[in-house]
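[1] I would like to see how this sequence folds:
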Amino acid sequence: ELEALNLNVSIDFAGNLIAVRDGINNNLKPIGFGSHIDCVPNGGHYDGQIGVLAGLEIFRVLNENNIKTNHPLELIVFSNEEGGVFGSRALAGVITDETMDVMTASGLTNFQGVNKLGGNSDRIFEVAREYPAFHSFIELHIEQGAVLEEANLDIGIVQGIVGLRWWDVEITGFTNHAGTTPMDRRNDAMLAASEFTLAVNEIVNNLEGTHVGTVGRIQAFPGVPNVIAGKVILSLELRDLSNEKLDILFEKIIIRKIRKNKPPIHWEDDLHKIKVGSKYFMFLKIENPVPVKPDTASNIEFKKVTW
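    Presented below is the predicted three-dimensional model:
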């Protein structure tokens, strides 16, 4: 359909699908828009897709009315946005050789996955664009927290792109038989993981602001009903507009760990999209948004998640 609209369509070396409509002056920086079409499991309707569909509709309306814009227009469908924010990071020039070796949920590394999408892992670093790559970049996205719906607003301008920090948290206890080990002699990693999860929720709620913290994934080892968990790996995600706030939250979580442990901490924020030009992000109201549902102690170690 993009080709039928007389657009210049291509897939770059990072697997991003790109469609360009010429402007009156193609020497001007393009105005970019778009989003992603992949989503988190049970991500709900239009999570990312609305930004792509809106871009497609823009091209249709301009063609139907024979409108020519001064700037060229560029629609980008970012690859692997939810699985590791890959395509947009490649454009911003912030991926590394280490990024390419990361194993994704598909069972493929980024190196393998980008080739499957039509990209070229051998030339991946050529995708990076020099700042500022765009005159501006506009992204329309559904608002997934129901704030706009409750305020009876149809659309809102996002104030900023939050810093996003992810960790894998490994909790080590002692594996033993569930039927014969007395309760007072257990070193249960799952119990410590539960206390950790509650602590994250308490700390985030007790500090004033719009920040959020989530433990969204948990895995116990060996993972059978009749064995006390000797190890648990869970995720920790913190988000806020302020890096200082993220520092404060993490320090409070460190202090509340089940046992004293001071591992080195490395930070990495998800602010890469703004490196390619001015970015404008709009949330669209959606009725009854349920974006992540289909229908409506122990030693603790923090490991930075590499994308």
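[2] tell me the pLDDT at the residue of the chain most remote from its centre?
    What lies farthest from the middle of the chain is residue 180; by CA atoms, centre = their mean that is 43.3 Å. Per-residue pLDDT puts residue 180 at 91.
[3] Which secondary structure state is assigned to it?
    coil (DSSP: H, G, I helix; E, B strand; the rest coil).
[4] Roughly how far does it sit from residue 210?
    Going from residue 180 to residue 210 by CB to CB, to the nearest Å gives 49 Å. Quick note: C-beta positions are derived from backbone N, CA and C, even for glycine.
[5] can you check residue 113 too?
    From residue 113 to residue 210 the distance is 34 Å (CB to CB).
[6] Compare those two (neighbour count), which wins?
    Ranked by neighbour count (other CB atoms under 10 Å), residue 113 and residue 210 place residue 113 first, with 23 against 11.
[7] Tell me the spacing between the more buried one and residue 11.
    From residue 113 over to residue 11 (counting by CB to CB), the distance is 13 Å.
[8] Next SSE downstream of the helix or strand where residue 192 lies?
    Per DSSP states H and E, residue 192 falls inside helix 189-206. For helix 189-206, the following helix or strand on the C-terminal side (DSSP H and E) is strand 212-214.
[9] what does that following strand contact?
    Strand 212-214 is contacted from outside by 200-201, 203-204, 235-240, 249, 253, using CB atoms under 8 Å, 6 or more residues apart in numbering.
[10] List the residues that contact the spatially most central residue of the chain.
    Closest residue to the average C-alpha location of the chain: residue 82 at 5.0 Å, with CA atoms, centre = their mean. For residue 82, the contact set (CB under 8 Å, 6+ apart) comprises 36, 38-40, 43, 48.
[11] What subset of these is buried?
    36, 38-39, 43, 48 (16 or more other CB atoms under 10 Å).
[12] pLDDT check: weakest of those?
    Note: of the buried ones among the contacts of residue 82, the lowest pLDDT belongs to residue 43, at 69.
[13] tell me the helices in the stretch 201-307 of the chain, going along the chain?
    For the stretch 201-307 of the chain, the helices defined by DSSP state H, counting those that start in this stretch occupy 243-255.
[14] pLDDT weak spots in it?
    In the predicted model, the stretch 201-307 of the chain carries pLDDT under 70 at residues 257-307.
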